[in-house]
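Undergrad: Okay, predicted coordinates and the sequence, questions at the end:
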Amino acid sequence: MSNYERDRGLFLSLAGALVCFGIVMVYSASITSWPTEFEQIYLSRHLVRLAIGVSLAYVCYLIPPRIWYQLAPAIFVFTLLLLAMVLAPGLGKTVNGAQRWLQLGPLRFQPSDLAKIALPLLMARMLCRRRDRLNHWIRGTVPLMLPPLLLVPLVVVEPDLGTSLFLLLGCAILLFAGGWPLKYFIVSGSLVVPAVGYLFILKPYQLQRITGFVESWNNFEAAPYQLKQSLISLGSGGTWGTGLGKGWQKLSFLPEANTDFVFAVIGEELGLMGTLTVVALWLGLFFVGVKLVRHLETRSFEQIVALTFLCQLVMQAIINMAVVTSLVPPKGIPLPLLSYGGTNLIVSLMTLGLIVNLARPEHKSISLADTESTDKKSSKPVAVSKPERGAA
C-alpha cells in the first residue's frame, strides 16, 4: 500500500466519522418535547441530502484536475448567474430578512456555498497563468482581484456579511499558498479593513452583534440570547454529558439546535468528552489532509486548490465552534459535515472529493507557469510540469 493510499484511507475514515457523528446528532437535536415523526422527517431529509452529496463527491473525485482547470471560468460564471438570480423577484427566497436562497420549484439551495468552490478554482487558474507577473501590480495583481470584486458584492447585498468575509479569507489563503508578494497583502488589507468597517456602520444590527458579544464578557445577562442558551447547554453537560437524546436546551430553548448550534447539543448530551472528540476529529482531518497533499508540486494548481479547500473546510468548523463557545461574535455558519443537511453539507462533501482527487499521484501537475499563450493555441492540457516542457 502506497503512502497516498494509506493517507487517503485515513482521511476518508476521519471524514466518515464526522458524517456519522452528524447523523446521530441531527436526529438527537431534532427531538421535540413531545417526540413524534418530526425528528424522523429531519433525519430522512438529512440522509437524502447526504446521499446527494456523497454522489457528487464521487463525481468530483473522478474528474481529472486538468478538466477542473479548464472549466474554472465556466463554473465561476455559472455561480455569478445563480447569485444574480437569488436577488431576482420570484426566484430568490427570503428567510428572516435575508434573501440568500434560490427557489426553483421544490428545490431550494444557497448559491453562496457554491462560491466556496468556484472562486478558488478560478483564482488558482489565474495564478497559473500569471505567476511570472505577480510582482507587476497592473498586469499581475489587479486581474486577480477581479473575481472576488465581481462575486463578493452579490453575497454582501443578500445580505450575508459573514459568508462574504469567509470568501475573502479563502482568497487570502489561496494567494498566500500561491506565493503572492507580502507587500500586496499589506496594501490590500489596508483597503479591505476600512471597507468592512463601513459595511458594519451601514448595518446597525451587525454592529449590535459585536457590541452585545463584547458586553457579554462583562455581564452574562447582556449576552445575545443564542449565546446565553449555547453556553448554558455546554455548561450543563459537564464532563460526560446528560446522555444522548436527553438534552433539554434543544427543546425550543436553543435556537437552530440541529444546524448552527449542533455543537452546543453535543456539549450538553455528550459533555466535554464529546466536544473534545469532535475537535480531535477535525484536527486529525486537517493534519492528514496536509500530509495527503504535501507530495504535490509546490505551488501547482492542484496543491493550491487542495490546500485552500482543506483550510476553508476546517476554518468553517473552527468559526462555528468559536461562535458556539462565545469566542467570536454570533454568525449563522453551520458546522460542516455535522449540521443538518443542506447546500453546505453537499458542498462540503464535494470539497472532500476534490481534495482527494487533486492529491492523486498519478495526475501530472499543472505548474505555476505562464500558460496564457499556450491555452489560446490548444485546448489540450497545458503547463504540465516536466523539465523539458518548462525549458521549451
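TA: Sure, I can see it. Numbering: from 1, shown residues only.

Undergrad: thinking A264 is in contact with S230, fair?
TA: Yes - counting by CB atoms under 8 Å, A264 touches S230, with 4.3 Å between them. C-beta: built from backbone N, CA, C; applies to glycine.

Undergrad: can you list residues touching both of these two?
TA: L254, V324 (CB atoms under 8 Å, 6 or more residues apart in numbering).

Undergrad: which residues make contact with the helix or strand harbouring V77 from outside it?
TA: Using DSSP states H and E, V77 falls within helix 65-86. Applying CB under 8 Å, 6+ apart, the contact partners of helix 65-86 are 91-92, 99-102, 111-112, 114-115, 117-119, 121-122, 124-125, 128, 147, 150-151, 154-155, 158, 301-302, 305, 354, 357-358, 363-364, 366, 379, 381.

Undergrad: May I have that helix as PDB, with CA atoms only?
TA: Extracted in PDB, the C-alpha atoms of helix 65-86 (Å, rounded to 0.1, in the frame of the first residue of the first chain):
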ATOM      1  CA  PRO A  65      -7.600  18.200 -12.400                       C
ATOM      2  CA  ARG A  66      -6.900  19.400 -15.900                       C
ATOM      3  CA  ILE A  67     -10.700  19.400 -16.600                       C
ATOM      4  CA  TRP A  68     -11.300  21.500 -13.400                       C
ATOM      5  CA  TYR A  69      -8.600  23.800 -14.600                       C
ATOM      6  CA  GLN A  70     -10.300  24.300 -18.000                       C
ATOM      7  CA  LEU A  71     -13.800  24.500 -16.600                       C
ATOM      8  CA  ALA A  72     -13.000  27.000 -13.800                       C
ATOM      9  CA  PRO A  73     -14.100  30.100 -15.800                       C
ATOM     10  CA  ALA A  74     -17.400  28.500 -16.700                       C
ATOM     11  CA  ILE A  75     -18.100  27.300 -13.200                       C
ATOM     12  CA  PHE A  76     -17.400  30.900 -11.900                       C
ATOM     13  CA  VAL A  77     -19.700  32.500 -14.500                       C
ATOM     14  CA  PHE A  78     -22.400  29.900 -13.600                       C
ATOM     15  CA  THR A  79     -22.100  30.800  -9.900                       C
ATOM     16  CA  LEU A  80     -22.300  34.500 -10.700                       C
ATOM     17  CA  LEU A  81     -25.600  33.900 -12.600                       C
ATOM     18  CA  LEU A  82     -27.000  31.900  -9.700                       C
ATOM     19  CA  LEU A  83     -26.100  34.700  -7.200                       C
ATOM     20  CA  ALA A  84     -27.800  37.200  -9.500                       C
ATOM     21  CA  MET A  85     -30.900  35.100  -9.700                       C
ATOM     22  CA  VAL A  86     -31.100  35.000  -5.900                       C
END
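
Undergrad: Does anything pack onto the helix or strand where F166 lies? Which helices or strands?
TA: In this assignment (DSSP H and E), F166 forms part of helix 161-177. If you count contacts as 3 or more CB pairs under 8 Å, 6 or more residues apart in numbering; DSSP states H and E, helix 161-177 packs onto helix 111-129, helix 142-156, helix 182-202, helix 301-324.

Undergrad: Please point out which parts of the shortest one sit buried.
TA: If you call a residue buried by 16 or more other CB atoms under 10 Å, then helix 142-156 has these buried ones: L144, P147, P148, L151, V152, L154, V155, V156.

Undergrad: a markdown table for the residues you listed, including distance to W240 and pLDDT?
TA: Shown next, in a markdown table, are the buried residues of helix 142-156 (distance: CB to CB, whole Å; pLDDT from 0 to 100):
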| residue | distance to W240 | pLDDT |
| --- | --- | --- |
| L144 | 50 | 85 |
| P147 | 48 | 93 |
| P148 | 45 | 91 |
| L151 | 45 | 93 |
| V152 | 44 | 90 |
| L154 | 46 | 90 |
| V155 | 41 | 90 |
| V156 | 43 | 85 |
